[in-house]
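**Student:** Using only what follows, build the 3D model:
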Amino acid sequence: MAIRPRPYPKPARLQQGAVLYVALIMLILLALIGVVGMQVATLQERMSANFLAANMAFQRAEQVARQAETLVMGGGATQFEDCSAGFQPQAWIDGRGAGVAQDSRVVNISVCTGKCSSGFGAELSDDTCKDQYRITAFARDRASAAESSSLAAIDTIFIRP
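**Tutor:** Coordinates of the predicted model:
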């Protein structure tokens, strides 16, 4: 059995350097994958922060609406809705101003739904006119309007038992 001699490396003048080019291309590809991965992670972080802010604003608006319901249950005085002029919640919220962090609007809508024994414009002090309320509440995601990034509004009908 004949033993073959080991091939010696080619002399430097005969080498092409292809391994260097392949390694550089692989490093560039790995760097691009890393940059894309960081961009995706940043985008997901922003999306989760926005979701959290919107959820916090909704929860705070819900809390404001429940506080208004508690006031109604306690017998707080409210105004009657003007049925002839439609209420626009968006315009009401826009009119609150940029510095307001939360607010609510509670009006008696029993006149508009025909639940009052007396008609609109008549004596509205009897007990049959005190059972249906429209509660519009809004809140921002933080207690300070300057620090908040989200706003949520709730428009509900509350029927007092």
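**Student:** which residues in this structure form strands?
**Tutor:** Using DSSP state E, the strands of the chain run over residues 79-80, 102-108, 132-140, 151-159.
**Student:** so where's the chain shaky on pLDDT?
**Tutor:** The chain contains residues with pLDDT under 70 at 1, 10, 12-15, 115-130.
**Student:** In the chain, which residue is most central in space?
**Tutor:** Ranked by distance to the mean C-alpha position of the chain (CA atoms, centre = their mean), the top residue is A54 at 1.8 Å.
**Student:** That residue and S148 touch, don't they?
**Tutor:** No - with contact defined as CB atoms under 8 Å, A54 does not reach S148; the gap is 11.0 Å. Bear in mind the C-beta positions are built from the backbone N, C-alpha and C, glycine included.
**Student:** list the residues that contact both of the two?
**Tutor:** Between them, A54 and S148 share these contacting residues under CB atoms under 8 Å, 6 or more residues apart in numbering: D141.
**Student:** Can you list the helices and strands that whichever helix in the chain runs longest packs against?
**Tutor:** Ranked by residue count, the top helix of the chain under DSSP state H comes out as helix 18-73. Of the remaining helices and strands, those touching helix 18-73 by 3 or more CB pairs under 8 Å, 6 or more residues apart in numbering; DSSP states H and E are strand 102-108, strand 132-140, strand 151-159.
**Student:** now, of these, which is deepest in the fold?
**Tutor:** Neighbour counts (mean count of other CB atoms under 10 Å) averaged over each of those peak at strand 132-140, with a mean of 22.
**Student:** Point out the other helices and strands that that one packs with.
**Tutor:** By 3+ CB pairs under 8 Å, 6+ apart, strand 132-140 packs against helix 18-73, helix 89-94, strand 102-108, strand 151-159.
**Student:** Report the buried residues of the shortest one.
**Tutor:** Within helix 89-94, the residues that qualify as buried by neighbour count (16 or more other CB atoms under 10 Å) are I93.
**Student:** coming back round to it: please name whichever of the strands of the chain is nearest to Q90.
**Tutor:** Minimum separation from Q90 across the strands of the chain (CB to CB) falls at strand 151-159, 8.0 Å.
**Student:** strands paired with the closest one, and their directions?
**Tutor:** The strands that strand 151-159 pairs with in its sheet are strand 132-140 (antiparallel) (by DSSP bridges).
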